[in-house]
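J.: need coordinates for the below:
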Amino acid sequence: MALSRQKKEQLVKEYGERLARAQVAIWAHYQGLTVAQATDLRRQLREAGAEAVVVKNTLIRRALEEADLPVSDEMLKGPCLVTFIYDDIAPAAKVVADFARQNEETLQIIGGLIGGQLATVEQIQSLTTLPPREVLLAQVVGGIQAPISGFVGTLAAIMRGLLNVLDARARQLEGSEA
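T.: Take a look at the predicted model:
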């Protein structure tokens with residue numbers, strides 16, 4: 001059944017909104033994916049703050065062009081399932097990678113967009129090794145805190161040294177008066 005022009009424009013708009021909201025978009029070819037498998041993947045992705053959408057290649061191409069995002073002809077061949085990751089990247093990317101690994105014959109990751117740039121399969125796979133957002137934030141805070149606490153420790157050591165010198169000099173003066 002052919003889509004009306006109005007429906008196509010609506011889909012392009014929806015794809016554009018999803019692309020604008022997503023931090024990462026992962027493209028995969030699917031062939032022979034059962035309804036149960038697709039439902040299971042979508043449920044897992046929803047829990048991870050992402051969604052998987054079967055896209056029409058010509059319409060997603062138009063949405064990419066309208067958003068001034070790069071377009072890869074390789075990614076837009078055949079039946080495509082695009083995963084839009086909105087929240088924490090690592091868990092959602094891990095869900096897609098694990099699902100693709102368990103269902104190699106029906107779902108193959110072919111690339112994606114990370115921060116508005118085309119990404120290879122290897123780059124998408126590397127997202128799965130990222131620690132969760134909370135761990136990354138803790139590492140950033142620790143990295144910021146380390147030099148500050150080192151600086152405070154150095155200042156405290158200088159003050160202790162000065163106090164020790166003054167204390168020793170005071171004892172020395174008390175000893176010479178006696």
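J.: Met75: what's its closest spatial neighbour, skipping adjacent residues?
T.: Closest residue in space to Met75, ignoring its immediate chain neighbours: Trp27 at 4.4 Å, by CB to CB, 6 or more residues apart in numbering. Heads up, the C-betas are built off the backbone N, CA and C, glycines and all.
J.: got the contact list for the strand or helix carrying that neighbour?
T.: According to DSSP states H and E, Trp27 maps onto strand 24-30. Strand 24-30 is contacted from outside by 18-19, 38, 54, 75, 77-85, 89, 92-93, 96, 100, 106-115, 119, 124, 127, using CB atoms under 8 Å, 6 or more residues apart in numbering.
J.: just the buried ones among the residues you listed, please.
T.: Buried subset of the contacts of strand 24-30 (neighbour count, 16 or more other CB atoms under 10 Å): 18-19, 38, 75, 80-85, 89, 92-93, 96, 100, 106-107, 109-114, 119, 124, 127.
J.: quick one: which of the residues you listed sit in helices?
T.: Here DSSP state H is the test, and the buried ones among the contacts of strand 24-30 give 18-19, 38, 89, 92-93, 96, 100, 124, 127 as lying in helices.
J.: dump these into JSON lines; add pLDDT and distance to Gly150 as well.
T.: Listed next are these as JSON lines, based on pLDDT from 0 to 100; distance: CB to CB, whole Å:
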{"residue": "Arg18", "pLDDT": "92", "distance to Gly150": "45"}
{"residue": "Leu19", "pLDDT": "91", "distance to Gly150": "43"}
{"residue": "Ala38", "pLDDT": "89", "distance to Gly150": "52"}
{"residue": "Ile89", "pLDDT": "86", "distance to Gly150": "31"}
{"residue": "Ala92", "pLDDT": "90", "distance to Gly150": "37"}
{"residue": "Ala93", "pLDDT": "90", "distance to Gly150": "35"}
{"residue": "Val96", "pLDDT": "92", "distance to Gly150": "41"}
{"residue": "Ala100", "pLDDT": "91", "distance to Gly150": "44"}
{"residue": "Ile124", "pLDDT": "85", "distance to Gly150": "38"}
{"residue": "Leu127", "pLDDT": "79", "distance to Gly150": "33"}
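J.: and which of these is nearest to Leu11?
T.: Of all these, Arg18 has the smallest distance to Leu11: 10.5 Å, by CB to CB.
J.: tell me the contacts of the residue nearest the centre of the chain?
T.: With distances taken as CA atoms, centre = their mean, the chain has Ile89 as the residue nearest its mean C-alpha position (3.1 Å). Neighbouring residues of Ile89 by CB under 8 Å, 6+ apart: 23-24, 127, 130, 133.
J.: any quick PyMOL command for the buried ones out of those?
T.: In PyMOL syntax, the buried subset of the contacts of Ile89 is picked out as below (16+ other CB under 10 Å):
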select buried, resi 23+24+127
